[in-house]
Structures are given as C-alpha cells and as structure tokens.
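*Asks:* fold the following.
(2 chains)
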Protein chains: 2
Amino acid sequence: VSPSSSIVVLDSGLGGLTVVRALQAALPQEHVLYFGDTARVPWGNKSPANVCAFVRQIIAYLRPHDPKHVLLACNTATALALSVVRGDFPGLSISGVIEPGARAAIEAAGAKAEPVIGVIATEATVRSKAYERAIHRRRHYARLLLRPTPLLVPIIEEGRTAEDPLVRLALRQYLRPLLERHIDVLVLGCTHYPMLKGLIAHMVGGRVRVIDSAEQCAEDVAKRLRAAGLMRAAGDGQSSERLRCFVTDDSARFGLLASRFLQRTVDAPTLVPLDDLTRAGDAVRPMRRAG
Amino acid sequence: VSPSSSIVVLDSGLGGLTVVRALQAALPQEHVLYFGDTARVPWGNKSPANVCAFVRQIIAYLRPHDPKHVLLACNTATALALSVVRGDFPGLSISGVIEPGARAAIEAAGAKAEPVIGVIATEATVRSKAYERAIHRRRHYARLLLRPTPLLVPIIEEGRTAEDPLVRLALRQYLRPLLERHIDVLVLGCTHYPMLKGLIAHMVGGRVRVIDSAEQCAEDVAKRLRAAGLMRAAGDGQSSERLRCFVTDDSARFGLLASRFLQRTVDAPTLVPLDDLTRAGDAVRPMRRAG
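*Replies:* Numbering: from 1, shown residues only, chains lettered A, B, ... in the order given. Got it, this is the predicted structure:
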C-alpha cells in the first residue's frame, strides 16, 4: 500500500456514486475503484448473513488491486457488515458511512440538552440499530426517531425528480411523523437520498438541519488518509483513470443511473460474473463451502 | 415422474405466491415446492444473462425432488429465461406465465378487428418484447401498449393497500397513457400485481377487461397435467405437506409477505445458501466455471 494506491468504494448498486462524487470533490487527485453489486441490489431488505457474504466477496475480489482504503458507501452494508469484514481482513483499512453521519448529526444538534434526531433509512439499517449505537455513544441524551423509507430508492432509480407529485407525497408521508415530533436534525441514512436533498431540506424547513452522509464520509476518508500518510500528491493522476467501475449486472440502466448520481458521464463498467465473486469469497472463508 | 410428484413454482421473491394461491384453488390435491430467490430479488431490473443463471440454478437445485412440472411464476423469468432453461433441462416439463396471459388477453379482446391491449410489467419484461411476440403470434392486428411500472412491486412489498393515496397516485400516473389510448384489455404482467387487482379494475372502469395471469396460469398447468396423465388423485394429500417453501434470504419479511400473498399462514421456509445454488448451477453448465 502506498499513496498511489486506489480507494475502493463499494455499494449494493449505484447509490454509492453520490459518495464517489463527494470524495472526488474533496480529493480530486485520488483514484477510485467503484463496485456496484447490481445483480443483487437492493440490500436494504435482506438479512445480515447475506449482506456480510456479499461485502466479503467484493472486498476479496478487489483485494489484488492493493487498495489503501475500502469505503462501504452503503448504510445497510455499514450497519450489517462493517465489524464482520474488519475481522475478515485484518490489516486492511475499512470504514463506513454511519459513524461520519452520526458525528455530523451530533455536531448539528449543537448544545441543545436533549436534541431530537430523525433518521430515514432502509428497513435493514433501521432494524440494525446501528445509528442508535453510533449516536448514543456520543450523546447519551439525544432522542432518536428512525423511519424506514423503502420506496425512496426505487423512486430515485426510476428517475423521478423533485417536481413529481408522487415524490412529494411519499416524502410527506414519511416525514410527517418526524416533523410532528419536532426533530432538530434529519440524517439521510442511505446513499441514494442525497439525490432528493434539496426537496427534503425544503419540506422539513429551515429549522431542521439535513445531514448528507456523502459529504461527511468524504471528509472522514480524507482525514484517515492524511493520518496514515497515504494522500496522493496533488496534480498526480488528474487523468481519465480517476474512476473505474465494476458491476455484477450489465443492464442498460448503468449509464443512465451512473451519470445521474455522479453528475457527469462515466466510462463503461467492467462486468464481474457472480461466480467470480463466489470464488473470491470462498478464498476468505473456505470452510463455509465444505458443507 | 408420477402423479404423486410435486409441482415446482419459482419466482424472484414472494410475488409468485399469488400464482400458488390460484394453483392450489384449482388443484387442491397437488403438492407444491415454492422457491423464492429473496437474496437476489427483484429480477425485473436485471439482465437476461443473470436472470437465466438464477433460474437455471434454482431448477438444478430442486431437480432431485423429481418434479412433474416446473412453473416460472414470474413474468421477468418467463420473458428472459424460459426458452433457455427448456434447452438446459431436456425432458423436464417447464412453463411460464406469459403464454397463458397472452391467450387470455386475446380471448378477452373478442371479435374486435383491431383490439388495443395494454400490459403493465417490470422494465425487463417490457424490454424483452415477450408479450408482443406471444400476442402477435395469435392476433396479428392487435395493438399493444406496454408500460413499465417499476414502483408497484416495492409499493406492494411495503404493505401498502388500495386505500393509500400514494398507491392511487402511482396507478393513476401509470395507467393514464393507456387509458388515453382506449385500451380494451389490461394484462397484469407481473405476479405481484394481482394484490392490487380490485383497485386497478376500478380505476380502468368496467369497459376494460383486466387479465390476472395467476388464474390463467393455474388453468394452464392443470391442462398440461391432465394431458400428460399426471394429475394427482383427488383427496390424496390434503395434508399440511401441500406447500413447502425455499428462500435464499431469511429476512423477517417472509412470514408477513407470504401470508399476505397467499391469504393464509404458511410454515417457516427452508433457507438455501446462495453457495448451494451456485454449485447446483455449475453441475448443469460445468464449463462456465472453468474460466
């Protein structure tokens, strides 16, 4: 591992590209390998055992690229798999999106004695209680309201925008119970949701601070690289090589969705057969296949 | 294979249970093995190569049960994989949901010279043109309007019902272009959609015939078994063994969703690890893994 090594960013699908966008804005000289498991997306309604296996396989598959850091750019993966894969890959620097988001939520809550923090996320993230743990570790007296918002990912992936009355109705239904309980802060607990950040901020009003985990995450990775002396030299690598994408499904949707999340065009991705992922995962935990 | 063999019904997830319900109503004496690939659901936004591989693995995995028939209770699987897996498993009786639905749509259109047939389905089913082929083979002059309706599956899986204003708004948006072009028949081209059949029939009005592929499919399977002399004797097997479920993800959602689709409670499913499916698929096409 050296400063010229790449950063791996992985997600269930393409939502993690919102984090890549923030990461490349904060660290324009870095090279990113992005992996979207588009054959098995979404992960937000799946079990911890499967999500852990998926994340383990992807890291094992990209390990030969000798990444200097691996970022789980997916709240579900972070909630269900981060501690497990840290155990599977000792010596590899791995982080997620929940700690940076929780930290930013606490900061945004400021000095209030008992701030009310709302989180919207997938069902799996809500069930995991990962946000409760991350926030209560820092502020014992914060009140937390978590709300699963399972339609938002398919709404965003269908290409619907803030002008669509259905998007407004869905957000109104999901946000109402949070607003009735006077949240001070709202955490966007899914890497797709920054696509609707403007509308969400408008709907919750100026009094409620909206936390976009993509930006927080990019800052967190920058801090980790700086601390480890692994920042790539500025001006080195402003090439077309800055982003290489891997996906497990070559559907026609990639180009369309990727450019929407990244807000620029992106090169065609490398298609990774699921069999190759299975084999890579077997090499990490070979006993699992003995049954 | 004998009349006492089981019928395999497979789907990307649990929507295919609407077909099981119709099948068990039409053929109460039959035993059904249901497979829901809940770790990789949905398939409706994925590529032909992956959907074919998923279906092949599932059939190979259940083949040792010696089923007398395999029903792909999923429009996406039928559209993308039926002809391929028929080639992979010669001698195994396999059918899908599209031919029965297309046949029923033609019958419902009656004697009209140029009937207008609307189909709502997933993106992959629409892209495959499988409904165009199946309908135009029978009625060259039918006019077809296909509409991808990707939000309906997540809406149904979230447990939303006909009373929810968001469900009505989504249907109004999706059905408007079909109604403006005066469809005579509307095919529900996804096995989840029968859950909203009442509301859809109400919204399109009495003049438009709504085709529920679940019912058509059950009749089609009954006809095939009868023709092959493989109907199970009536009164034989009215036991709790009538339905056994297999899933690839053990999320908390199974019991809730399964009982909603089936309209009765269902025994806990058998959890099948994805590794076991991969191995079963390898045995069918061993060369694919040699790369």
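
*Asks:* A strand includes residue A:227, no?
*Replies:* No - counting by DSSP: H, G, I helix; E, B strand; the rest coil, residue A:227 is not found in a strand; it is helix.

*Asks:* roughly how far does it sit from chain B?
*Replies:* Per Cβ to the nearest Cβ, to the nearest Å, residue A:227 is found 37 Å from chain B. To be clear about C-beta, it is placed using only N, CA and C from the backbone, and glycine gets the same treatment.

*Asks:* strands of the stretch 1-150 of chain A, start to end?
*Replies:* Ranges of strands in the stretch 1-150 of chain A, per DSSP state E, counting those that start in this stretch, are A:7-11, A:32-36, A:69-72, A:94-95, A:116-121, A:143-148.

*Asks:* looking at the ones you listed, which is closest to residue B:102?
*Replies:* Ranking these by proximity to residue B:102 (Cβ to Cβ) places strand A:32-36 first, at 34.6 Å.

*Asks:* Provide the strand pairings for that closest one, with the direction of each partner.
*Replies:* Paired strands of strand A:32-36, with direction, are strand A:7-11 (parallel), strand A:243-247 (parallel) (DSSP bridges).

*Asks:* so what touches the last one?
*Replies:* Where contact means Cβ atoms under 8 Å, 6 or more residues apart in numbering or on different chains, the residues beyond strand A:243-247 that reach it are A:20, A:24, A:31-39, A:62, A:254, A:258, A:262, A:266-267, A:269-272.

*Asks:* next one: that strand to chain centre, how far?
*Replies:* Between the centre of strand A:243-247 and the centre of its chain there are 16 Å (Cα atoms, centre = their mean, to the nearest Å).

*Asks:* for the stretch 51-200 of chain A, which spans come out with low pLDDT?
*Replies:* Filtered on pLDDT under 70, the stretch 51-200 of chain A yields no residues whatsoever.

*Asks:* can you name the residues of it that neighbour chain B?
*Replies:* A:53, A:123-124, A:127, A:150-151, A:153-155, A:157-158, A:165-166, A:169-170, A:173 (Cβ under 8 Å from any Cβ of the partner chain).

*Asks:* and the contacts of strand A:243-247, which of them are buried?
*Replies:* Buried by 16 or more other Cβ atoms under 10 Å in any protein chain shown: A:20, A:24, A:31-39, A:62, A:254, A:258, A:262, A:266, A:269, A:271-272, out of the contacts of strand A:243-247.

*Asks:* mark which of those residues are part of helices, please.
*Replies:* Using DSSP state H, the members of those that fall within helices are A:20, A:24, A:62, A:254, A:258, A:262.

*Asks:* ok, those vs chain B, which is closest?
*Replies:* Closest to chain B out of these is residue A:254 (10.0 Å), distances taken as Cβ to the nearest Cβ.

*Asks:* doesn't residue A:271 make contact with that closest one?
*Replies:* No - the pair residue A:254 and residue A:271 does not pass the contact test of Cβ atoms under 8 Å, sitting 9.5 Å apart.

*Asks:* mind listing the helices for chain A?
*Replies:* Ranges of helices within chain A are A:17-26, A:48-62, A:75-88, A:98-109, A:123-128, A:130-136, A:152-157, A:165-180, A:197-204, A:213-228, A:253-262, A:274-284, based on DSSP H.

*Asks:* mind putting these into JSON lines with distance to residue B:70?
*Replies:* Listed next are the helices of chain A as JSON lines, based on distance: least, Cβ to Cβ, whole Å:
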{"stretch": "helix A:17-26", "distance to residue B:70": "38"}
{"stretch": "helix A:48-62", "distance to residue B:70": "25"}
{"stretch": "helix A:75-88", "distance to residue B:70": "33"}
{"stretch": "helix A:98-109", "distance to residue B:70": "43"}
{"stretch": "helix A:123-128", "distance to residue B:70": "31"}
{"stretch": "helix A:130-136", "distance to residue B:70": "40"}
{"stretch": "helix A:152-157", "distance to residue B:70": "29"}
{"stretch": "helix A:165-180", "distance to residue B:70": "37"}
{"stretch": "helix A:197-204", "distance to residue B:70": "45"}
{"stretch": "helix A:213-228", "distance to residue B:70": "44"}
{"stretch": "helix A:253-262", "distance to residue B:70": "29"}
{"stretch": "helix A:274-284", "distance to residue B:70": "22"}
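
*Asks:* for residue A:186, which of the ones you listed is the nearest?
*Replies:* helix A:197-204 (5.6 Å).

*Asks:* got the CA positions of the closest one in PDB?
*Replies:* The C-alpha trace of helix A:197-204 is given here as PDB (Å, rounded to 0.1, in the frame of the first residue of the first chain):
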ATOM      1  CA  LYS A 197     -31.700  16.500  -0.700                       C
ATOM      2  CA  GLY A 198     -33.000  19.900  -2.000                       C
ATOM      3  CA  LEU A 199     -36.600  18.800  -1.800                       C
ATOM      4  CA  ILE A 200     -36.200  17.200   1.600                       C
ATOM      5  CA  ALA A 201     -34.500  20.300   3.000                       C
ATOM      6  CA  HIS A 202     -37.300  22.400   1.700                       C
ATOM      7  CA  MET A 203     -40.000  20.100   3.200                       C
ATOM      8  CA  VAL A 204     -38.500  19.900   6.700                       C
END
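
*Asks:* return the set of buried residues in it.
*Replies:* A:197, A:199, A:200, A:201, A:203, A:204.

*Asks:* check stretch A:12-30 too.
*Replies:* A:12-24, A:27, A:29-30.
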